[in-house]
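Engineer: Mind looking at a prediction? Sequence and model below.
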Amino acid sequence: MPFQPLPGDQPSCTVACPACGHRWLVYEQQLGLLGPCPACGAAHPRYMGSVAPGGGRQVSFGIFRTLLAEPRLLTLIGQALGLYPLDAERFADAQGREVPLEDVHYALQGDAGWQGQVYNLHMSRAR
């Protein structure tokens, strides 16, 4: 029988494909059941960690990307992670090394305070 989440469950674990680097969120209960990468089909994604717990305040990567036009998010990314924007969807650290957008999203979702700020920003735009 395939995994079926309970109604209140939310994906909370990040996995990454060792072949192509694609990252995605899964339910904790799926970690031992994972199949191939949805992007390239390679087997055995690698567990990267869990996002911060908190009453459903996680923001999907797709929504996060739509928020990148918000100056408040750019300020949060700069203050919290020490990154600066290179263009619409690319960031760099203080040494000028590019940081994947997925890593920026993961870092913000991994801290309950930052996660809440991103969520509140999303909700203020959604209303």
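Structural biologist: Great, that's in hand.
Engineer: Residue 59 touches residue 116, doesn't it?
Structural biologist: No - the pair residue 59 / residue 116 is not scored as a contact, 10.0 Å apart, by C-beta atoms under 8 Å. Yep, even glycine has a C-beta here, placed from its N, CA and C like the rest.
Engineer: if you count what's nearby, which of these two comes out ahead?
Structural biologist: residue 59 (20 against 14; other C-beta atoms under 10 Å).
Engineer: Am I right that the more buried one falls within a strand?
Structural biologist: No - under DSSP: H, G, I helix; E, B strand; the rest coil, residue 59 sits outside any strand and is assigned coil.
Engineer: What score does it have for pLDDT?
Structural biologist: For residue 59, the model assigns a pLDDT of 80.
Engineer: for residue 10, same thing?
Structural biologist: 71.
Engineer: how would you label it: helix, strand or coil?
Structural biologist: Residue 10 ends up coil, using three-state DSSP.
Engineer: repeat for residue 25
Structural biologist: strand.
Engineer: close enough to count as contact, it and residue 12?
Structural biologist: Yes - the pair residue 25 / residue 12 is scored as a contact, 7.2 Å apart, by C-beta under 8 Å.
Engineer: Can I get stretch 69-86 in CSV, CA atoms only?
Structural biologist: Output of stretch 69-86 as CSV, limited to C-alpha atoms (Å, rounded to 0.1, in the frame of the first residue of the first chain):
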residue,chain,number,x,y,z
ALA,A,69,10.3,40.5,-6.0
GLU,A,70,9.5,41.6,-2.4
PRO,A,71,12.2,44.0,-1.0
ARG,A,72,11.3,42.7,2.5
LEU,A,73,12.4,39.1,1.5
LEU,A,74,15.6,40.4,0.0
THR,A,75,16.3,42.3,3.2
LEU,A,76,15.6,39.1,5.3
ILE,A,77,17.9,37.0,3.1
GLY,A,78,20.7,39.6,3.5
GLN,A,79,20.3,40.0,7.2
ALA,A,80,19.7,36.4,8.1
LEU,A,81,22.0,34.6,5.7
GLY,A,82,24.5,37.3,4.7
LEU,A,83,23.7,36.9,1.0
TYR,A,84,23.2,39.5,-1.7
PRO,A,85,21.2,39.2,-4.9
LEU,A,86,23.0,38.8,-8.2
